[in-house]
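1. Give me a model of this one.
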Amino acid sequence: GVDERAIASAAESIRGMCAVGDHVMICDPAGAWESFVTFDAQGIRVSSSEWRYYSRSYVWNANRRRVYHFRDDTSPNDLLYTEIASDGTVGTTKDSPFHGEITIQPPIRISPSGDIVLLGDGKFYNADTLAQNNELPNALLDAAWLGTRLVPMRDTVDGAQLQRWGGSNY
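-> You can find the predicted model right below:
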C-alpha cells in the first residue's frame, strides 16, 4: 500500500521546493519578502531565513552545497545561489555580477562536476563567481549532461531537436 503522511506544514502557500542533501528547502511568502525554510526527513523545521527571493526554479548543486535560483520577483532579475549547510541551515546568498544585463530564462542545469551552471538562454556561468564564461549559439528548452557531453534540447520550426556538445569548451 501507499505510505502517505504529512510531515511538515508551511504557514502560507509554498512557492517553490528543492531537495538539498538530506533536507528539503521550501520558499514561502511568510516573513519579510520570501523565506527559505528547511526541514529534515522527519519534517522537523531546521532553519528559516527571511529576505529571500521567489524563483521559477530551484536547483541543488551537491558538490558546492548550494541552491541556484533566480530573483523572479524583483527587477532586475538575476542568477543567485544560496548556501545550505550540511545540518540544513540556510546560509549566505550570492548574486551574479550582471544585475539586468543577462537574460534570465529557465531551466537551470548544473554540470556533473558542479562547476558550471547553464541557463535556458544557452549561457554558461562559473558556479562560484556566477560570471558568464561561455555560451551556446541558441537558447534551449532543457539540457542534460551525459558524462562530459552536454545534450541540450532546443526548439526548431519542425519541433524539438536534441544536440550533442563535447570537448572542454562545448
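2. what's the pLDDT at the nearest residue to Gly91 once chain neighbours are set aside?
-> Spatial nearest neighbour of Gly91, chain neighbours left out: Glu83 (3.5 Å); criterion: C-beta to C-beta, 6 or more residues apart in numbering. Where C-beta positions appear, they are placed from N, C-alpha and C, glycine not excepted. Per-residue confidence (pLDDT) for Glu83: 98.
3. was I right about Glu83 contacting Arg66?
-> Yes. Contact criterion C-beta atoms under 8 Å: Glu83 and Arg66 qualify, at 5.4 Å.
4. Compare these two (neighbour count), which wins?
-> A count of neighbours by other C-beta atoms under 10 Å puts Arg66 above the other of Glu83 and Arg66, at 25 against 15.
5. do you know how far that one is from Gly147?
-> In this view, Arg66 and Gly147 are 23 Å apart by C-beta to C-beta, to the nearest Å.
6. likewise Ala160?
-> Relative to Gly147, and taking C-beta to C-beta, Ala160 is found at 22 Å.
7. For burial, what's the neighbour tally of the residue nearest to Thr148 when sequence neighbours are not counted?
-> Closest residue in space to Thr148, ignoring its immediate chain neighbours: Gly166 at 6.5 Å, by C-beta to C-beta, 6+ apart. Gly166: 12 surrounding residues under other C-beta under 10 Å.
8. Gly166: what's it in contact with?
-> Gly166 sits next to Thr148, Arg149, Leu150 when contact means C-beta atoms under 8 Å, 6 or more residues apart in numbering.
9. Give me the secondary structure label for the last one.
-> When states are read from DSSP: H, G, I helix; E, B strand; the rest coil, the local structure at Leu150 comes out as strand.
10. Please look at it and Ala143 and confirm they touch.
-> Yes. If you go by C-beta under 8 Å, Leu150 and Ala143 touch, sitting 6.2 Å apart.
11. For the two, list the residues in contact with both.
-> What both Leu150 and Ala143 touch, as defined by C-beta under 8 Å, 6+ apart, is the set Leu118.
12. Dump stretch 107-124 to PDB, restricted to CA.
-> What follows is stretch 107-124, C-alpha atoms only, in PDB (Å, rounded to 0.1, in the frame of the first residue of the first chain):
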ATOM      1  CA  PRO A 107      15.900  25.900 -16.900                       C
ATOM      2  CA  ILE A 108      18.900  26.000 -14.600                       C
ATOM      3  CA  ARG A 109      21.200  23.000 -15.100                       C
ATOM      4  CA  ILE A 110      24.400  22.100 -13.100                       C
ATOM      5  CA  SER A 111      27.300  20.100 -14.700                       C
ATOM      6  CA  PRO A 112      28.100  16.800 -13.000                       C
ATOM      7  CA  SER A 113      31.300  18.300 -11.600                       C
ATOM      8  CA  GLY A 114      29.300  21.200 -10.100                       C
ATOM      9  CA  ASP A 115      31.500  23.900 -11.500                       C
ATOM     10  CA  ILE A 116      29.200  25.000 -14.400                       C
ATOM     11  CA  VAL A 117      25.700  26.500 -14.400                       C
ATOM     12  CA  LEU A 118      23.800  26.500 -17.700                       C
ATOM     13  CA  LEU A 119      20.700  28.600 -18.100                       C
ATOM     14  CA  GLY A 120      17.900  28.400 -20.700                       C
ATOM     15  CA  ASP A 121      19.400  31.300 -22.700                       C
ATOM     16  CA  GLY A 122      22.300  28.900 -23.600                       C
ATOM     17  CA  LYS A 123      24.800  30.800 -21.500                       C
ATOM     18  CA  PHE A 124      27.300  29.100 -19.100                       C
END
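13. With that, I have no additional questions.
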